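Trainee: this one's sequence-less:
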């Protein structure tokens with residue numbers, strides 16, 4: 001995934017690149033809906049002292065609010081523990097600290113591949129994210145194959 005970064009914006013990105021954790025692009029820049037003024041959203045696997053490392057670089061906890069709910073993490077994304085924000089030189093970067101980065105990566109790949117967030121509002125997006133998380137968590141490839149095979153067998157009768 002590529003996105004334009006001005007040289008003046010590089011400080012925060014250089015700092016993230018120096019950390020041993022893998023930061024995954026998400027949000028409007030990942031889903032190809034960004035405007036030039038869009039912020040940068042990333043997610044990263046929670047780990048020992050990660051929050052402290054980010055706070056050393058001027059990241060602060062983001063107050064989440066969506067549709068009038070405070071502390072929306074439980075209502076937004078089952079995988080997100082917290083969100084930290086940094087604004088430096090006019091560039092806003094949000095980092096979601098998640099419990100399972102590989103699962104979140106799979107979920108956003110499904111969403112992008114099937115264009116599931118096109119023409120939906122944020123409330124509908126919440127439902128889509130959490131539904132796919134639940135499906136990918138609870139349905140193994142073997143069970144999905146059995147389910148599909150069973151459906152094909154019944155459909156032909």
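Mentor: Sure, I can see it. Not measured: the values here are computed from a predicted model.

Trainee: looking at the protein, which helix or strand is least sure?
Mentor: Here the helix or strand of the chain ranked lowest by mean pLDDT, DSSP states H and E is strand 69-70, holding a mean of 44.

Trainee: am I right that residue 104 is in a helix?
Mentor: Yes. Assigned with DSSP: H, G, I helix; E, B strand; the rest coil, residue 104 falls within a helix.

Trainee: report how many residues lie close to it.
Mentor: 24 (other C-beta atoms under 10 Å). For the C-beta atoms, the positions are set from N, CA and C on the backbone; glycine is no exception.

Trainee: hang on, isn't it packed against residue 43?
Mentor: Yes. Counting by C-beta atoms under 8 Å, residue 104 does reach residue 43; the two are 5.6 Å apart.

Trainee: what touches both of those two?
Mentor: 24, 26, 98 (C-beta atoms under 8 Å, 6 or more residues apart in numbering).

Trainee: ok, so of the residues you listed, who is nearest residue 77?
Mentor: Residue 77 has its nearest neighbour among the shared contacts of residue 104 and residue 43 in residue 98, at 7.8 Å by C-beta to C-beta.

Trainee: which non-adjacent residue is nearest the closest one?
Mentor: Closest residue to residue 98 apart from its sequence neighbours, by C-beta to C-beta, 6 or more residues apart in numbering: residue 79 at 4.5 Å.

Trainee: list the contacts for that neighbour?
Mentor: Here residue 79 is in contact with 98-100, 103-104, 107, 133 (criterion: C-beta under 8 Å, 6+ apart).

Trainee: shaky segments in the protein?
Mentor: Along the chain, segments meeting pLDDT under 70 span 1-10, 63-76, 141, 144-145, 147-157.

Trainee: if we go to 50?
Mentor: Flagging of the chain using pLDDT under 50 yields the residue ranges 1-3, 7, 67-75, 157.

Trainee: which stretches in it count as helices?
Mentor: Under the criterion DSSP state H, the chain contains helices at 10-18, 27-30, 50-56, 73-76, 101-113, 122-138, 141-155.

Trainee: who touches the third one?
Mentor: For helix 50-56, contacts defined as C-beta under 8 Å, 6+ apart pick out 19, 21, 44, 82, 84, 86, 95, 97.

Trainee: ok, the first one - how many residues close by?
Mentor: When neighbours are defined as other C-beta under 10 Å, residue 19 has 14 of them.

Trainee: many thanks, have a good one.
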